[in-house]
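1. Test case, fold it:
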Amino acid sequence: LLGTEEGQPLLDIKRHVFETGVSNTSLVKFHVEGKLVYMQLKVEPRRDENGKIIGITSASYYITDLIEQNNRLRESENRYFKLFNANPQPMYVFDRDTLGFIAVNDAAINQYGYTRGDFLNLTIKDIRPPEDIHKMESRMKEPPDYNSVEIWTHQRADGTVFDVETFVQDFDFEGRPARLVQAHDVTARRRNEETLRWASELFTTMFDSVPVAMSIYALNDGRFLTVNQRMITCLPLIQAHDLTRMTEILRSEHFIENWEQVWTTKDGREISVLVSGHVVDVDQQASVLGIALDITTFKQIERQRIETERINDEVIQRQEAVREREQTIAAISHNFRAPLTQITKATAYLRKTRGGITPEQIQEHFSRIDYHVHRLAAMLDNVMAIGNVQSAKVSFHPGATDLAFVIRSVFDKQKQADTRHHRFMLEMN
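-> Prediction:
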């Protein structure tokens, strides 16, 4: 070896020690039969009783295995550091004595908003809200529970706080007591859990307190999973064939709405019930949310409403009939008053003039009196006819009518009844 090129550094070290008198410890490497070998070389000067260098003493230690073991350890540390730094979960290592950060991965940098350099100048107190620091310090005095998960509140660089779920592992890092922490942000999850818990409590409260019978039962075997208090009173009333039929429909249609059924109570009363059902998933099991609403009272109220409307319609019809009757009586009274006035005038005139008028004039007045008497008789017949109609003594049978004949008849009668010699004209198309 000393005669080779790789052995020359050994000779140089020994010569340097001999010339300078300064001890030297060096790591040297060379190949032996193609294998790289590491040696630790310790060279010291030898002196006589006067302190003069008269030679050197050298010792070589074979440390190849130790070097290779250290290399493997360093490679392993590099691999683990890469895994640590590339882990998508925020992770950091801190000194358990000083609480200062030793290492942080990229996910932690993104989560907390500090740079890597900033982190290495901070302690774990700096990522806690002030009110939690005392609790954290007290917890550090206790042994860690490696099998448990703890929830803490952490603080970002901008001051915002968030909830984290932490896993810890203690170990020695380069001769220092250290702790590895994985801090997973669970703020959104806890918010969702709180929302679900609130929704669950709300559903439970509504489920138990609503005045409607509700139940949840397994679709495959009809086994009840939960029922509210109102449903407990209804269960004995449910007919087996109705439940079977409802289950068959739900298996094919997945829902039933407002299926009206009639149940018989223990005292023999029949009640009307609206049944609805929807297929829901409960713990990955197809189940049915069933609702039964007693509508007996509603139906009674509806019947009363219909009866009330019928009575109101009858009252309105009767009021309308009374109003028409009053209008008819007023019209008849007016029509009766006109001929009576004419008769009264004619008789008063005859009584007044007596023999002072001609026979032709007397005859004219008698004719007028006779006309109005017949007119009164005709109106009395009409009044009687109206009375017969209202008392249902006369029945009507629809039939074809010659409107032109009716109009001409009315026209002729009106013309005959005229006493003021109006001009009448009738045009018909």
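2. For the chain, just list every one of the strands.
-> Applying DSSP state E to the chain gives strands spanning 24-32, 35-47, 53-62, 91-95, 101-104, 150-155, 161-173, 176-185, 213-218, 224-227, 255-264, 270-282, 285-294.
3. Turn those strands into a markdown table, including distance to Tyr349, mean pLDDT and mean neighbour count.
-> Just so you know, the C-beta spots here come from the backbone N, C-alpha and C atoms, and that holds for glycine as well. Output for the strands of the chain, formatted as a markdown table (distance: least, Cβ to Cβ, whole Å; pLDDT from 0 to 100; neighbours: other Cβ atoms under 10 Å):
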| stretch | distance to Tyr349 | mean pLDDT | mean neighbour count |
| --- | --- | --- | --- |
| strand 24-32 | 164 | 82 | 13 |
| strand 35-47 | 163 | 86 | 15 |
| strand 53-62 | 169 | 86 | 12 |
| strand 91-95 | 131 | 94 | 20 |
| strand 101-104 | 132 | 93 | 20 |
| strand 150-155 | 118 | 94 | 16 |
| strand 161-173 | 116 | 92 | 15 |
| strand 176-185 | 118 | 93 | 17 |
| strand 213-218 | 91 | 86 | 20 |
| strand 224-227 | 99 | 85 | 15 |
| strand 255-264 | 81 | 84 | 14 |
| strand 270-282 | 80 | 87 | 15 |
| strand 285-294 | 83 | 87 | 19 |
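4. need these in TSV with distance to Val322, can you?
-> Shown next, in TSV, are these (distance: least, Cβ to Cβ, whole Å):
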stretch	distance to Val322
strand 24-32	129
strand 35-47	128
strand 53-62	133
strand 91-95	95
strand 101-104	97
strand 150-155	82
strand 161-173	80
strand 176-185	82
strand 213-218	51
strand 224-227	59
strand 255-264	42
strand 270-282	40
strand 285-294	43
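5. Of the ones you listed, which is nearest Glu324?
-> strand 270-282 (42.0 Å; Cβ to Cβ).
6. which residues touch the closest one?
-> 216, 219, 225, 234, 237, 242, 246, 250, 254-265, 286-296, 299 (Cβ atoms under 8 Å, 6 or more residues apart in numbering).
7. Determine how far that strand lies from the middle of the whole chain.
-> Relative to its chain's centre, strand 270-282 lies at 21 Å (Cα atoms, centre = their mean, to the nearest Å).
8. and what of stretch 54-71?
-> With Cα atoms, centre = their mean, you get 75 Å for stretch 54-71.
9. what residues does that stretch touch?
-> By Cβ under 8 Å, 6+ apart, stretch 54-71 touches 14, 17-18, 27, 36-48.
10. Compare the strands of the chain and give me the one nearest Lys345.
-> strand 270-282 (73.6 Å).
11. Parallel or antiparallel, which strands does the closest one pair with?
-> Under the criterion DSSP bridges, strand 270-282 sits next to strand 255-264 (antiparallel), strand 285-294 (antiparallel) in its sheet.
12. wait, which of those strands is closest to Phe162?
-> For Phe162, the closest of these is strand 285-294, at 35.7 Å, according to Cβ to Cβ.
13. Next, the angle from that closest one to strand 213-218.
-> 160 degrees (axes from the mean of the first three to the mean of the last three Cα atoms, to 10 degrees).
14. Residues in contact with stretch 283-292: which ones?
-> Contacts of stretch 283-292 (Cβ under 8 Å, 6+ apart): 212-220, 225, 231, 234, 246-247, 250, 273-281.
15. and stretch 126-134, how far apart are its ends?
-> 13 Å (Cα to Cα, to the nearest Å).
16. Okay, buried residues for it please.
-> 126-128, 132 (16 or more other Cβ atoms under 10 Å).
17. so where do the helices sit in the stretch 101-250 of the chain?
-> 106-112, 116-119, 133-140, 187-209, 229-234, 240-253 (DSSP state H, counting those that start in this stretch).
18. Format those as CSV; extra columns: mean pLDDT.
-> Formatted as CSV, those follow (pLDDT from 0 to 100):
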stretch, mean pLDDT
helix 106-112, 95
helix 116-119, 93
helix 133-140, 92
helix 187-209, 85
helix 229-234, 78
helix 240-253, 78
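19. and these as CSV, adding distance to Arg156?
-> Output for the helices of the stretch 101-250 of the chain, formatted as CSV (distance: least, Cβ to Cβ, whole Å):
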stretch, distance to Arg156
helix 106-112, 5
helix 116-119, 12
helix 133-140, 16
helix 187-209, 11
helix 229-234, 49
helix 240-253, 51
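20. ranking these by burial, who's on top?
-> Highest mean neighbour count among the helices of the stretch 101-250 of the chain (mean count of other Cβ atoms under 10 Å): helix 106-112, with a mean of 19.
21. Distance-wise, check Gln284 relative to Glu253.
-> 21 Å (Cβ to Cβ, to the nearest Å).
22. Check His334 too.
-> From His334 to Glu253 the distance is 71 Å (Cβ to Cβ).
23. re the thing from before, now, among the buried residues of stretch 126-134, which is nearest to Glu309?
-> Out of the buried residues of stretch 126-134, the member with the shortest distance to Glu309 (by Cβ to Cβ) is Asp132, at 69.9 Å.
24. wait, that closest one sits on Trp152?
-> Yes - at 7.1 Å, Asp132 and Trp152 qualify as touching, with contact defined as Cβ atoms under 8 Å.
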